[in-house]
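Asker: coords please:
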Amino acid sequence: MSSEERTPLIAGQDDAGYNAVVPIAKKAKAISPLPKMQIFTLMYISFGEPLAATVIDPFIVQLVRETGITGGIEARTGYYAGAIESLFYAAEGLTVLQWGRASDRIGRKPPLVFGTLGLAAAVTSFGFSNSYWPLIASRFMQGVFNGNIGITKCVLAESTDSTNIATALSFIPLQYGLGMTFGPMIGGLLAHPAKHWPNTLGKIALLREHPYLLPCATAALVPLSAFIWASIFLKETLPSAIARNKKKSQEGISLPPSEAQSEVDVALDEPKVPFSALMNRTVLIPVVNYAFLVFVEQCSSALLPLVYASSIEAGGLGLDSFTIGLLMSGVGIGIGLSATLISPGVLRKLGPHNTYRTFFWCYLFMILSYPTMNFLARRAGGVDVFVWIVMAAQLSIITLTVMNYSESWLHLLPSMYIFFNNSAPTKSTLGAVNGLAQTVACFARILAPITSSSLFSLTQQYNLLGGTMVYWILVSFFLCGLYASSYLPKHLKEEEDERVEVT
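Answerer: Numbers count the residues shown, from 1 in each chain. This is a model prediction of the structure:
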């Protein structure tokens, strides 16, 4: 086609308001191959985070009691153990935005690599702690170094395109499922080794003095090895950082000016976007939806151990801890398997908007299944086959929507990450946008368990609405989140780019 044939039909007009949008035929895009080493490295880094976070779950109650902070009053144990967990999310919430902003300035690789090393040190420090306040400090630092999690999604977005990002994002729930499965397993198996293996590990004075060091140190090996691996194999993806490194390499040898040099200068001269630029409708709509998603999910998740373990008379099912543990292990495995088998195809077929709204409805069933199971158990005088059927349906729904006590939603979060990347004003603000979203999510995680647990206790204590008030309040939160999701964009930037604007 000649240059004349490419000239706009109307040119040189003074009325800048004239625009003609000409749709062009859409061609099916070939799916780009995934950068396998880059994806593997990112998943290696991410695997260490849920592993380190959950390794303390099997023994945290016993550890808190052994510190003596409760003064021998067992009823206080939950308060102090809960404070340790809440502090983790508080620390993450206070630092995640700073991690994102730092990655927008100095590059994605340094914060990710440094964070894995810090995480390994914090988890090991937790194992060395025999008194309460060092536990608090170690858990706080673990939350600080876990705050760089948003950067992982930035690197994924910058390492993929619209044809393969769904497949890349599907690995996130897989590695979280593995982390959530192996973390408690390591913690339960290796805690107090002197008691379990007195003739072997029990002879090591260090392990006798610090009975929780072995599981923590074992879990710390994953982020420590990830630090070494990422230092070697992780590629930088921030355009300005790549350009800066390229310019330094070009300055080391004498070369004439070139087109490549011009591209470097353009990237380095990219204007910095102030944080205030993120406070707009395009960015805030996905962030607000993320807040509702996290809050509703965490409220539902916090109720699961309460309802399953509480007596039938107190609004629960009266299951023992061993049974609950088996059920949750099965959920973790189910999430890992479903992640690679379902998520990519669903996202490609339905798109982020329809995927998010469709699977958000699952939370309504999750919430209402709690009073349904209690009603059936009361009628039968115990957990009968009908209760197990509802429970199986609820746990199946969980494997399709959420991994309990983590931040990885099988279908919902990949959709939400795409919305975050789509809303960023420029590529250089991807880290800040994801950091803002993670900050909001962290504070939602702090508030949600306290809210739902307190409402459950209040509802059962005073038999409010027949012991169901907590569930109707959660349903109201769900409806607010569903309404907010109607404002999510139906089309992404790349879809809009398939139109040609003629001015």
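Asker: Buried residues, the strand or helix carrying T167. List them.
Answerer: In this structure, T167 sits in helix 165-190 according to DSSP states H and E. By neighbour count on 16 or more other CB atoms under 10 Å, the buried set for helix 165-190 is 165-187, 190. Just so you know, the C-beta spots here come from the backbone N, C-alpha and C atoms, and that holds for glycine as well.
Asker: May I have the phi/psi pair for L34?
Answerer: phi -80, psi 140 (degrees, to the nearest 10).
Asker: for the stretch 401-503 of the chain, what spans make up the strands?
Answerer: 499-502 (DSSP state E, counting those that start in this stretch).
Asker: Quick check: end-to-end length of stretch 54-71?
Answerer: 26 Å (CA to CA, to the nearest Å).
Asker: What's the mean pLDDT across it?
Answerer: Mean pLDDT, computed over stretch 54-71, is 79.
Asker: Could you pull out the strands in this protein for me?
Answerer: 20-23, 499-502 (DSSP state E).
Asker: still on that earlier bit, which neighbouring elements make contact with the helix holding T167?
Answerer: With contacts taken as 3 or more CB pairs under 8 Å, 6 or more residues apart in numbering; DSSP states H and E, helix 165-190 sits against helix 36-54, helix 149-159, helix 213-233, helix 321-341, helix 343-360, helix 412-423.
Asker: Pick out the shakiest of those, pLDDT-wise.
Answerer: helix 412-423 (a mean of 56).
Asker: which phi and psi does T468 have?
Answerer: Dihedral angles (degrees, to the nearest 10) for T468: phi -120, psi 0.
Asker: D384: what's it in contact with?
Answerer: Neighbouring residues of D384 by CB atoms under 8 Å, 6 or more residues apart in numbering: 376-377.
Asker: when you give positions from now on, start the count at 36
Answerer: Sure, I'll start numbering at 36, so the last one becomes D419.
Asker: Just read off the phi/psi values of it.
Answerer: Dihedral angles for D419 - degrees, to the nearest 10 - are phi -100, psi -170.
Asker: How about residues contacting stretch 333-348?
Answerer: 350-356, 359, 362, 398, 401-402, 405, 408-409, 412-413, 417, 437, 439-440, 479-480, 483-484, 486-488, 491, 495, 505, 509, 512.
Asker: Show me which positions of it end up buried.
Answerer: Those would be 333-345, 347, for stretch 333-348 by 16+ other CB under 10 Å.
Asker: try stretch 125-145
Answerer: 125-139, 142-145.
Asker: and if you look at stretch 318-335?
Answerer: Those would be 318, 320-335, for stretch 318-335 by 16+ other CB under 10 Å.
Asker: Check the average confidence over it, would you?
Answerer: 83.
Asker: And for stretch 481-501?
Answerer: Stretch 481-501 shows a mean pLDDT of 81.
Asker: which residues touch G182?
Answerer: Counted by CB under 8 Å, 6+ apart, G182 has contacts 126-131, 133-134, 150, 473.
Asker: now it: how far from N199?
Answerer: Distance, G182 to N199, using CB to CB, to the nearest Å: 27 Å.
Asker: What of Y518?
Answerer: Relative to N199, and taking CB to CB, Y518 is found at 32 Å.
Asker: Okay, domains of this protein per the record?
Answerer: Per automatic domain parsing, the structural domains of the chain span 67-267, 312-522.
Asker: Mind picking the lowest-pLDDT entry from the contacts of G182?
Answerer: Lowest confidence among the contacts of G182: Q473, with 71.
Asker: State whether A276 and I141 are indeed in contact, as I suppose.
Answerer: Yes: between A276 and I141 there is a contact under CB atoms under 8 Å: 6.9 Å.
Asker: Okay, the nearest residue to F206 once chain neighbours are set aside and W264: tell me how far apart.
Answerer: Leaving aside its chain neighbours, F206 sits nearest to M78 (5.2 Å; criterion: CB to CB, 6 or more residues apart in numbering). For M78, the distance to W264 (CB to CB) stands at 11 Å.
Asker: who has more neighbours, the two?
Answerer: Remark: of M78 and W264, M78 carries more neighbours, 19 against 16, as counted by other CB atoms under 10 Å.
Asker: give me every residue that touches that one.
Answerer: M78 sits next to 206-207, 209-210 when contact means CB under 8 Å, 6+ apart.
Asker: cool, S487 as well?
Answerer: S487 neighbours (CB under 8 Å, 6+ apart): 333-335, 337-338, 505, 509.
Asker: farthest pair in these?
Answerer: Spanning the widest gap among the contacts of S487 are Q333 and V505, at 14.0 Å by CB to CB.
Asker: what is the orientation angle of the lengthiest helix in the chain with helix 184-194?
Answerer: The longest helix of the chain (DSSP state H) is helix 465-497. Interaxial angle, helix 465-497 versus helix 184-194 (axes from the mean of the first three to the mean of the last three CA atoms, to 10 degrees): 130 degrees.
Asker: What's the local residue count around S492?
Answerer: S492 has 15 neighbours, counted by other CB under 10 Å.
Asker: ok, it - contacts?
Answerer: By CB under 8 Å, 6+ apart, S492 has no neighbours at all.
Asker: ok, it to S345 distance?
Answerer: 10 Å.
Asker: now do V179
Answerer: 34 Å.
Asker: before we move on, what about H245?
Answerer: Taking CB to CB, one finds H245 at 34 Å from S345.
Asker: burial measure for P68, as a count.
Answerer: For P68, using other CB under 10 Å, the count is 8.
Asker: Would you confirm that it contacts N199?
Answerer: Yes: assessed by CB under 8 Å, P68 is found in contact with N199 at 7.4 Å.
Asker: where does Y506 land on pLDDT?
Answerer: 95.
Asker: Provide a list of residues in contact with it.
Answerer: 402-403, 405-406.
Asker: Let me have these in JSON lines, extended by distance to Y522 and pLDDT.
Answerer: Shown next, in JSON lines, are these (distance: CB to CB, whole Å; pLDDT from 0 to 100):
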{"residue": "I402", "distance to Y522": "23", "pLDDT": "92"}
{"residue": "L403", "distance to Y522": "25", "pLDDT": "94"}
{"residue": "Y405", "distance to Y522": "29", "pLDDT": "94"}
{"residue": "P406", "distance to Y522": "30", "pLDDT": "94"}
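Asker: Would you map the helices across the stretch 36-185 of the chain?
Answerer: Secondary structure of the stretch 36-185 of the chain by DSSP state H, counting those that start in this stretch: the helices cover 71-89, 95-102, 112-141, 144-163, 167-181, 184-194.
Asker: got those as TSV, with distance to M426 columns?
Answerer: As requested, the helices of the stretch 36-185 of the chain are exported to TSV (distance: least, CB to CB, whole Å):
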stretch	distance to M426
helix 71-89	22
helix 95-102	24
helix 112-141	24
helix 144-163	33
helix 167-181	31
helix 184-194	31
